[in-house]
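1. pasting the structure only:
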């Protein structure tokens, strides 16, 4: 079953706390992504990973870092979360990315209070 | 940078009516972008609806179709007769085959009335 799984689905954190969002995929895709989506905006790319320990900044990387130690797992870390990081975060994966289908998780709704 | 602009929603149509959701793109750094339509049904994640990677070609799926028009930099989504089950949010996107990055539009919410 081709799947991208995100955990947790909902999360409430206080400002200044650290946040870990986890993502897994069972398709052996090389490329993985983290996006965030805010009302009225499209999905904004935070980071892209081309394989284990091969990560590149997307369009809005500030305030985030990522970790990919296994091909099937890709984590998004917020060190000292801020209220403007309240958003819905989507993880995705693909074989090649630009020309092939990108598979998405169902999203994690993060609220920073 | 590269960007995608699509019809602002919500779009409301009655069942069996025709539909068009406009999408135009700007690919300043990509000579030949790949173009996609994704859809998110209520309670689900985004999933691919259709894709076209060659200019001038048409993609189709589930009664929807879109033609990659390089001259007008457009990739409009059309359906001749919508169904209530088509109610969802539709996203136009472009992909860079060199960097693997995918840029999405803001999404268009479609509501089909019975």
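-> Good, I have the coordinates. Remember, it's a predicted structure, so these values are computed and weren't measured experimentally.
2. residue numbers of chain B in contact with chain A?
-> B:1, B:4, B:33-34, B:36, B:38, B:44-48, B:51, B:53, B:91, B:95-107 (Cβ under 8 Å from any Cβ of the partner chain). The C-beta positions use only the backbone N, C-alpha and C, and glycine is treated the same way.
3. now do 10 Å
-> Residues of chain B found near chain A (Cβ under 10 Å from any Cβ of the partner chain) are B:1-6, B:8, B:30, B:32-34, B:36, B:38, B:40, B:43-48, B:51, B:53, B:91-107.
4. pretty sure residue B:50 sits against residue B:23.
-> No. Applying Cβ atoms under 10 Å, one finds residue B:50 not in contact with residue B:23, separated by 11.9 Å.
5. shared neighbours, these two?
-> Shared contacts of residue B:50 and residue B:23 (Cβ atoms under 10 Å, 6 or more residues apart in numbering or on different chains): B:35-37, B:66, B:75, B:77.
6. just the buried residues of those.
-> B:35-37, B:66, B:75, B:77 (16 or more other Cβ atoms under 10 Å in any protein chain shown).
7. what's the helix or strand for the residue of chain B found nearest chain A?
-> Nearest residue of chain B to chain A: residue B:100, at 2.8 Å (Cβ to the nearest Cβ). Residue B:100 is part of no helix or strand, with elements assigned from DSSP states H and E.
8. show me what contacts the residue positioned nearest the centre of chain A?
-> Closest residue to the average C-alpha location of chain A: residue A:34 at 2.8 Å, with Cα atoms, centre = their mean. Residue A:34 makes contact with A:6, A:21, A:23, A:43-49, A:55, A:58, A:61, A:64, A:66, A:74-76, A:89-92, A:105, according to Cβ under 10 Å, 6+ apart.
9. now do residue B:58
-> Contacts of residue B:58 by Cβ under 10 Å, 6+ apart are B:50, B:52, B:65-69, B:78.
10. restricted to strands, list these.
-> Members of those lying in strands (criterion: DSSP state E): B:50, B:52, B:65-67, B:78.
11. among these, which two are most distant?
-> Farthest-apart pair in the ones in strands among the contacts of residue B:58 is B:52 and B:78; separation 13.2 Å (Cβ to Cβ).
12. can you work out which residues contact both of the two?
-> B:58, B:60, B:65-67.
13. host element of the residue nearest to the centre of chain A?
-> With DSSP H and E as criterion, residue A:34 is part of strand A:31-37.
14. and that strand, which strands flank it?
-> Partners of strand A:31-37 in the sheet, by DSSP bridges, are strand A:44-51 (antiparallel), strand A:87-94 (antiparallel).
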